[in-house]
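In: Structure for the following, please:
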Amino acid sequence: MTPTALAVDPQDTMPLMGEAAPSPAGPISEQELAALPAPPEIPLPRTAQVLRFSQRQIEFVFGWQRRLGDTFRFNGIVPGRPVITAHPDHVKSLFTAKPEDAPSLTGESPLRPIVGPNSTLTAIGERHMRQRKLLLPSFHGEAIARYMQMIEDAAHREIDRWPTGKPFSLAPRMQAITLDVIMSGIFGIDGTPKPGTAEWGLRTAVRGLVEASTAPGAKIAEFMNVGRDEPVGLTRIGMEILDRPTYAVIAKRRKAPDLDSRTDIMSMLMRAETEDGERMDDHELRDELLTLVLAGHETTANSLSWTWERLVRFPDAHERLIHAVRADDDADTWIEATINEGMRARPVIPIIGRRVTKPWQLGEYGVPAGTPITMSILLVHHREDVYPDPYSFRPERWLGAKPGTYTWIPFGGGIRRCVGASLALAEMRVVLRAMAQRLDLEADRPEPEHAQHRNVTMIPARGARVVARAA
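Out: As a prediction, the model looks like this:
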């Protein structure tokens, strides 16, 4: 690969970042609501909307945005005929709202029967804030710094195993790296556990469930669990397989003589106390740990996979990154810009939401109390007024610019912003650098990969297939 100059082409005068025109949003009175029209609705039967949204969300939301505008109503699996919005001011109104005015829809998420009701992800109100306060210290700067060498070692071990000169999928390779990080950083399990141990059972169960989640029947299992507090069907069987080693590892760690000095996140959570001296019981701990495993492990892996899927189809961006890393020419800046652009272009979680408890204005429209309002991260990230040339992969748009609080939202926002964001970004920086140093990658075919929707995530349909050669 021949590196190109890092400087942006001086002939390229297109602005790299912009700003959306203001749009009023926030809680309103019943009288104000009566004066506003309702958002336009998608004129399709509910079954057709559910199927199209769950199978081809990108085409679905972009297509109806073109027809109906930035705010429209659809009829999906979430009760209450949700509204989809794509305006940053609407996002801001929800992220900055009082928790009781706009509680998160994750309390109704299909992940609830999987990670349980006690997780920071699925709890709402005071329960959520309690769990969040217990979890946050585990992800402060010093804690993340301790994991950096471990992440780098895991990345290089995995890269050593990759084939060269023939196509392979990056997604499972990325998952292998992030699983190593989860096992070590979250559970304090270093290396490959001995077969037959609880640690070995945990690792094996996690890998098996992630693989099973792409099976043909997985989507049916998801629909069966919507609106439930406890898993049913195949999901219940899978969770029983995962719960056994999880609780065994928890019990073993509670008896560990060095518990008070351990720095892994599980041990820190066991020691964490509320202001009233409360600690997490085994069920709460299980819910938080599985949230970190399933949410942190897979979302980070697929963010990396999507970023490379984009890079290998945009040669200028790819070559600029390679040159920056190998020549050590402002590498940190280009790595950060590439990550920001990857998460903008292909957010792994494409939509998030709140259920407002008061009437709410969304630009020219109003919705009554009880309405689910979903923010399409995909649509926000592809606004042409904010991101000119939004369908191109242009890391240079981030040079000298920081992600906007309400225009770059792959981790959500407000009090619901992902607590593991700092660890995820640290992993991505290390892995991206290691791959750019050691490998020349190219796409196995020129066409971009479609998105496959799995539970609440969006993943590369073919796993981000590439051909690798040693640098």
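
In: switch to C-alpha atoms for all contacts and neighbour counts from now on
Out: Noted.

In: and the next element down the chain from the lowest-mean-pLDDT helix or strand in the chain?
Out: Considering only helices and strands, the least confidently modelled element of the chain by mean pLDDT, DSSP states H and E is helix 218-225, at a mean of 69. The element immediately downstream of helix 218-225 (helix or strand, assigned by DSSP states H and E) is helix 233-254.

In: as a whole number, average confidence for that following helix?
Out: What helix 233-254 shows for mean pLDDT is 90.

In: got it, and stretch 57-72?
Out: Stretch 57-72 shows a mean pLDDT of 96.

In: and if you look at stretch 440-458?
Out: Averaged over stretch 440-458, pLDDT sits at 91.

In: separation between P79 and G370?
Out: Distance check for P79 against G370: by C-alpha to C-alpha, to the nearest Å, it reads 10 Å.

In: More neighbours: those two, which one.
Out: Between P79 and G370, counted using other C-alpha atoms under 10 Å, G370 has the larger neighbour count: 18 against 12.

In: What separation do you get for the more buried one and R454?
Out: Note on G370: its distance to R454, by C-alpha to C-alpha, is 27 Å.

In: do the same with M150
Out: If you go by C-alpha to C-alpha, the gap between M150 and R454 works out to 29 Å.

In: same check, this time on L234
Out: When C-alpha to C-alpha is the yardstick, L234 and R454 sit 15 Å from each other.

In: L269 now?
Out: Taking C-alpha to C-alpha, one finds L269 at 29 Å from R454.

In: same deal with Y387?
Out: Summarising the geometry, the distance separating Y387 from R454, computed by C-alpha to C-alpha, is 27 Å.

In: Among the two, which residue is more densely surrounded?
Out: Between Y387 and R454, counted using other C-alpha under 10 Å, the more crowded position is Y387 (22 against 18).

In: Please verify my assumption that the more buried one contacts M17.
Out: Yes - assessed by C-alpha atoms under 8 Å, Y387 is found in contact with M17 at 5.2 Å.

In: Could you say which helix or strand holds H453?
Out: Remark: H453 resides in strand 451-454, with elements defined by DSSP H and E.

In: by contact count, what packs against the strand or helix carrying R207?
Out: R207 is part of helix 198-212, with elements assigned from DSSP H and E. The elements that helix 198-212 packs onto, with contact taken as 3 or more C-alpha pairs under 8 Å, 6 or more residues apart in numbering; DSSP states H and E, are helix 233-254.

In: after the strand holding H453, next one along is what?
Out: With elements assigned by DSSP H and E, the helix or strand that comes after strand 451-454 is strand 457-460.

In: List the strands paired with that following strand, with their directions.
Out: Each strand that pairs with strand 457-460, with its direction, by DSSP bridges: strand 451-454 (antiparallel).

In: how far out from the middle of the chain is the partner strand?
Out: Its chain's C-alpha centre and that of strand 451-454 lie 13 Å apart, by C-alpha atoms, centre = their mean, to the nearest Å.

In: Repeat that for stretch 444-463.
Out: The gap between where stretch 444-463 is centred and where its chain is centred comes out at 14 Å by C-alpha atoms, centre = their mean.

In: what's the answer for stretch 160-169, then?
Out: What separates the centre of stretch 160-169 from the centre of its chain is 26 Å, taken as C-alpha atoms, centre = their mean.

In: and what of stretch 193-206?
Out: The chain centroid and the centroid of stretch 193-206 are separated by 26 Å under C-alpha atoms, centre = their mean.

In: Just the C-alpha atoms of that stretch, please, in CSV.
Out: Extracted as CSV, the C-alpha positions of stretch 193-206 are listed here (Å, rounded to 0.1, in the frame of the first residue of the first chain):
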residue,chain,number,x,y,z
PRO,A,193,-9.2,-20.9,31.7
LYS,A,194,-8.7,-24.6,32.5
PRO,A,195,-11.4,-26.8,31.0
GLY,A,196,-14.0,-27.8,33.5
THR,A,197,-13.7,-24.7,35.6
ALA,A,198,-16.4,-22.1,36.2
GLU,A,199,-14.3,-19.6,34.3
TRP,A,200,-13.9,-21.9,31.3
GLY,A,201,-17.7,-22.5,31.4
LEU,A,202,-18.4,-18.8,31.4
ARG,A,203,-16.1,-18.1,28.5
THR,A,204,-17.5,-21.0,26.5
ALA,A,205,-21.1,-20.0,27.2
VAL,A,206,-20.6,-16.4,26.2
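
In: No more questions from me, cheers.
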